[in-house]
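*Asks:* Pasting the sequence and the predicted coordinates here, then a few questions.
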Amino acid sequence: MTLSPQNGPFRVAALYRFCRLERFEELRAPLAAFCCGRGIRGTLLLASEGINGTAAGSEAAIAELIAHLEAMPEFAGLEVKYSAADEMPFNRMKVRLKREIVTMGVEGVDPLQGVGAYVEASDWNALIADPDTVVIDTRNDYEVSLGTFRNAINPETASFREFPDWVEKHRGELEGKTIAMFCTGGIRCEKATAYVKSLGFDDVFHLKGGILKYLENVPVEQSLWHGECFVFDERVSVGHGLVVGDAKLCRACGYPLTPEDRLSPKFREGAACERCYES
């Protein structure tokens, strides 16, 4: 059964908020208890810089969770994107304490001090269609393998920690350009654009709400997106309208596989794929 973002037995909320969260350690246990007591599963990350994560449960349970978080002064204005799943997309509930809610590993990068200009999904096409705009996919290579925007640059990173090095190596190519960045839900671009702006770049933009908001709001016939969007749960990917996609994970190496990938003679359900067969 194909589900719309508003319908179905399980509601999925991808959320984040950069804020000054001095009491993040003491929030861990009560937040885990709150979620587990309502049958919510997923992963929430807490750090001194805020909250990030994805959680799934019944519509009522997720509504309670968002209301609970937004009642805390630090989380007022929480960025949330909803979708649906026909099966629970997580195995358990985890609330983790981290140094960063999205790990870049560069000291002093603070989205609260300034990020790139937000671009609504409805205005994104015009920006990236401009030949003077450099469009950068800030996600990791395995995510990009399932889909990306037309003419977007793939930095071919294995983790977000590698992104600053990529920028440094290509800094000359970015000078004097309009830079447009995007990611799954918007959080990585908060740090990516903050970092690029700290290097002295001025014309820096990012897609508000990320790919998920674009796929939810932009009609297929107007879309500049090609493929599916990787998501970090058992759905694996979503497409336009945030319907569940066709990708599946290789259970050996964790790489997302398209239906074409699964036609390879080296693909073994639950055991191996083209990329890990030899190892």
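*Replies:* That came in fine, so what should we check first? Residues are numbered from 1 along each chain as shown.
*Asks:* Need the residue closest to the centroid of the protein.
*Replies:* Nearest to the mean C-alpha position of the chain, by Cα atoms, centre = their mean, lies Thr184 at 3.1 Å.
*Asks:* tell me the SS of that residue?
*Replies:* Under the three-state scheme (DSSP: H, G, I helix; E, B strand; the rest coil), Thr184 adopts coil.
*Asks:* what sits against it?
*Replies:* With contact set as Cβ atoms under 8 Å, 6 or more residues apart in numbering, Thr184 has these partners: 14, 139, 143, 210-212, 229-231. In short, each C-beta sits where N, CA and C put it, glycine included.
*Asks:* mind putting those in CSV, neighbour count, pLDDT and secondary structure included?
*Replies:* Converted to CSV, the contacts of Thr184 look like this (neighbours: other Cβ atoms under 10 Å; pLDDT from 0 to 100; DSSP: H, G, I helix; E, B strand; the rest coil):
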residue, neighbour count, pLDDT, secondary structure
Ala14, 26, 97, strand
Arg139, 26, 98, coil
Glu143, 22, 98, helix
Gly210, 24, 98, helix
Ile211, 28, 98, helix
Leu212, 23, 97, helix
Cys229, 24, 98, strand
Phe230, 23, 98, strand
Val231, 27, 97, coil
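*Asks:* Redo these as a markdown table? Include distance to Val238.
*Replies:* Output for these, formatted as a markdown table (distance: Cβ to Cβ, whole Å):
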| residue | distance to Val238 |
| --- | --- |
| Ala14 | 11 |
| Arg139 | 14 |
| Glu143 | 12 |
| Gly210 | 12 |
| Ile211 | 9 |
| Leu212 | 7 |
| Cys229 | 5 |
| Phe230 | 9 |
| Val231 | 6 |
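*Asks:* Out of those, flag the one nearest to Phe75.
*Replies:* Using Cβ to Cβ, Ala14 comes nearest to Phe75 of the contacts of Thr184, at 14.6 Å.
*Asks:* List the buried residues of stretch 50-64.
*Replies:* Buried residues in stretch 50-64, counted by 16 or more other Cβ atoms under 10 Å: 50-57, 61-62, 64.
*Asks:* gap between the residue nearest to Phe267 when sequence neighbours are not counted and His226?
*Replies:* In this structure, Phe267 finds its nearest non-sequential neighbour in Cys273, 5.1 Å apart by Cβ to Cβ, 6 or more residues apart in numbering. As judged by Cβ to Cβ, to the nearest Å, Cys273 and His226 stand 22 Å apart.
*Asks:* element containing Thr148?
*Replies:* Secondary structure from DSSP states H and E places Thr148 in strand 147-149.
*Asks:* Please name every helix or strand in contact with that strand.
*Replies:* If you count contacts as 3 or more Cβ pairs under 8 Å, 6 or more residues apart in numbering; DSSP states H and E, strand 147-149 packs onto strand 133-137, strand 225-227.
*Asks:* Show me what counts as buried in stretch 88-107.
*Replies:* 88-90, 93, 95, 100-102, 104.
*Asks:* Tell me the one among those residues nearest to Glu25.
*Replies:* Of the buried residues of stretch 88-107, the one sitting nearest to Glu25 (Cβ to Cβ) turns out to be Val95, at 10.9 Å.
*Asks:* Next up, phi/psi of Val80, please.
*Replies:* phi -130, psi 140 (degrees, to the nearest 10).
*Asks:* now it, nearest residue through space, not along the chain?
*Replies:* Nearest residue to Val80 in three dimensions, chain neighbours excluded: Leu15, at 4.6 Å (Cβ to Cβ, 6+ apart).
*Asks:* same for the one helix or strand the one you found maps to, what does it pack against?
*Replies:* Per DSSP H and E, Leu15 falls inside strand 10-18. Helices and strands touching strand 10-18, as assessed by 3+ Cβ pairs under 8 Å, 6+ apart, comprise strand 50-57, helix 59-70, strand 79-85, helix 187-198.
*Asks:* I'd like these laid out as JSON lines, including distance to Glu26.
*Replies:* Below are the helices and strands packed on strand 10-18 laid out as JSON lines (distance: least, Cβ to Cβ, whole Å):
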{"stretch": "strand 50-57", "distance to Glu26": "14"}
{"stretch": "helix 59-70", "distance to Glu26": "15"}
{"stretch": "strand 79-85", "distance to Glu26": "23"}
{"stretch": "helix 187-198", "distance to Glu26": "23"}
